[in-house]
Each structure stands twice: as structure tokens, then as C-alpha cells.
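Enquirer: could you look at this predicted model? Sequence included:
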Amino acid sequence: MDGDGTSTQAPLWLLGDDGHEADPELAAVTRYLLAADPDGRRMAAAVRRSIDMLLDGQHTGRYRWGQLYKTEKAHLGTLIEINLQREFGFADGRDMDYSIAGTDVDCKYSQTLGAWMIPPEALGHLLLVVWASDERSSWSAGLVRALPERLNSGGNRDAKKTLNAAGRQAVRWLFVRAPLQENMLLRLSEVDIDAIFSHKSGQRRVDELFLRAQGRRVSRTVVATVAMQEDYMKRVRYNGGSRSRLQPRGIVILGHYSSHGRIAETLALPVPGPGESVSARLVEARPEHGAAPRVALDGREWVLAGPDDPEESVPKLPEI
């Protein structure tokens, strides 16, 4: 158990001491959500979409939470509530946000784990509590019933209260510190970020991105943030995009193609998922490369370039 009252795993505490379900509605909602999303990917995608919508990188170039206005930050909870409903098709609740498995459920988000603000009208109802951190590439979601004995006595001017220690302990975690698709720009150094955004041209910014982010998964959202153009994925493709522009420097940009996935696996690179790209510099294999993993391109063998390998043009990748 961690100091904030959450488990490092996701136990489903559904049974009372007598072996019967302590809260049948909570148990039913838990089963419904886990049946609809056994590994949490759908919830994670909804959270990711919500953060990206708020940052709106394609139109603003923003990629960090700290770049948002205070009024914008306050809307993330609403976006998560909306995107979860869209993702799962929850019906509207009678008194709360959703109706799940026939039960009213209110959705609450907090940037601080455990600090959900609970209004008086939610008292006695089930809460779907969500936390996410873009910096940590992590998120959590659980269920708890808002009972008086689980709430702190003090409240804000709207009479909203937070869970006390007993309330945080009572959360039935569905997913705890599950992985959130990485916002790769947060992992780059200030030097790299400054170099990328120093270019006035969106195409040159995307070129710089793939030069400096080699071996990392780059999402469509990151490309959109860097390009800041409507046709941002065109800036990646062959026929004038980074794939062709960086070919003379030995840079390949792998995408979500079967053949690219096999190349990534052979070279021990991250395999691009849907909408993702991974760049790497290759050189033609020479005796000094020893037993380094090799891929065949255009009838020749290629290996990942080392820092001392000179740049050389690389063949065009198959797009199958």
C-alpha cells in the first residue's frame, strides 16, 4: 500500500466480511466497466484525448500543463467526463452524470490523486474518480460511494468536500497508475525543444523533431503540435515530407505498417502503434558492426548508426 492510500495493483474489493457484496450497485458498475474495458485502454484513450483537446497543440503549439491558462485547467474534468461518455456510450444519469448498469454515477477528476471535490448533491451516490498526470504518463480510475463518514468536515464556499483518509481507503480501484500514452515532447531536453521550435517553417520543425527524437514513439498529436498546420501528417510522408527530406541523412521514419513493425522489432526499436512514428538513423552494415542486428533494404543490409558512423543516404522504406 502506498502512502496516499492506493494499492500498486488493482484489487476489486467487492465482498463484505460475511462474503456477500457490501455494495451491490458498486459491484455491478465495476463489473460493467471492466467487461467493457478489461485492460483500461479505452479509458486511457479518453483521458489522452481530453488532455490533447485542452492543449490544442495543432493551433497553439502548447504541450505542457503549465502553458494553460487557469480557466482552461478548470475544464479538464468536464472534457474527461464528456469523452468517457462518448467512448462508452453511457446514458445520462437521473441526478448524476451517467447511468451505468442502472445506477447513477458522478464523474470526478482531480489533478491531485485523492483530492476530488464532491458537491452536496453527490452525497450517497457512486463516484467514478479519475486522476491523470501527463508529466508521469500515468492515470488512475476507481469507484467510491460518497458517504458522510468518508468526507472531510471542512468544505469550500460551494460546500464541496474531499474524501478523508477512510474515503480514500474505500476507493475500489479499477486501474491504478496505468500507462498513459506518452507526450513525447515532455521527455525532450530544453535544448532539443528550443531547436525544434526555433524554425519558422512547420516542415523544418517536423524534420528537426525526427532528427532529435530518434528511437521514441511520436504520436500524431505531437506531430500536429510541432507542425501547427492543418495537413500536419503530410509533413511526415514521402513526396516532400520528412521521410524523403531526411533520407540523405540516413534517417528512416517507421510508421504503423507491418513491414515497419518488423524492422523496428529486428532493430530493437519501439514498434509504432496506430498514428505513431519512430525515427532512427541507419548505415550500411560493415565488418566493424559485428553482430549488430540487420535489416535488408533495397538488396543491402543496414544497421542502426552509431555516433561515429558518417551519414549516408538510406533507401525508401516499403509502405506495406
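Expert: Ah, there it is.
Enquirer: what's the local residue count around residue 103?
Expert: 18 (other C-beta atoms under 10 Å). All C-beta atoms are positioned from the backbone trio N, CA, C, and that covers glycine.
Enquirer: residue 150 contacts residue 144, doesn't it?
Expert: Yes - taking C-beta atoms under 8 Å as the definition, residue 150 is a contact partner of residue 144 at 7.2 Å.
Enquirer: need the overlap of contacts for those two.
Expert: Applying C-beta atoms under 8 Å, 6 or more residues apart in numbering, one finds that residue 150 and residue 144 are jointly contacted by 163, 167, 170.
Enquirer: which of the residues you listed fall in helices?
Expert: Counting by DSSP state H, these place residue 167 in helices.
Enquirer: need the shared contacts of residue 150 and residue 144 in CSV with pLDDT, neighbour count and distance to residue 213, can you?
Expert: Formatted as CSV, the shared contacts of residue 150 and residue 144 follow (pLDDT from 0 to 100; neighbours: other C-beta atoms under 10 Å; distance: C-beta to C-beta, whole Å):
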residue, pLDDT, neighbour count, distance to residue 213
163, 96, 26, 39
167, 96, 25, 42
170, 96, 22, 42
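Enquirer: of the shared contacts of residue 150 and residue 144, closest to residue 219?
Expert: When these are ranked by distance to residue 219 (C-beta to C-beta), residue 163 comes first, at 33.2 Å.
Enquirer: so what's the nearest residue to that closest one once chain neighbours are set aside up against?
Expert: Computed as C-beta to C-beta, 6 or more residues apart in numbering, the closest residue to residue 163 that is not its neighbour in sequence is residue 150, at 5.8 Å. By C-beta under 8 Å, 6+ apart, the contact list for residue 150 reads 144, 163-164, 166-167, 170.
Enquirer: now, the most widely separated pair of these?
Expert: 144 and 164, at 11.5 Å, using C-beta to C-beta across these.
Enquirer: who has more neighbours out of these two?
Expert: Counted by other C-beta under 10 Å, residue 144 and residue 164 do not tie: residue 144 has more neighbours, with 23 against 15.
Enquirer: do a quick rundown of the strands in the stretch 151-300 of the chain.
Expert: Along the stretch 151-300 of the chain, counting by DSSP state E, counting those that start in this stretch, strands occupy 172-179, 218-219, 251-254, 276-284, 295-297, 300-304.
Enquirer: what's the mean pLDDT across the last one?
Expert: Predicted confidence along strand 300-304 averages 97 (mean pLDDT).
Enquirer: so which bits of that strand are buried?
Expert: Of the residues in strand 300-304, 302-304 count as buried by neighbour count, 16 or more other C-beta atoms under 10 Å.
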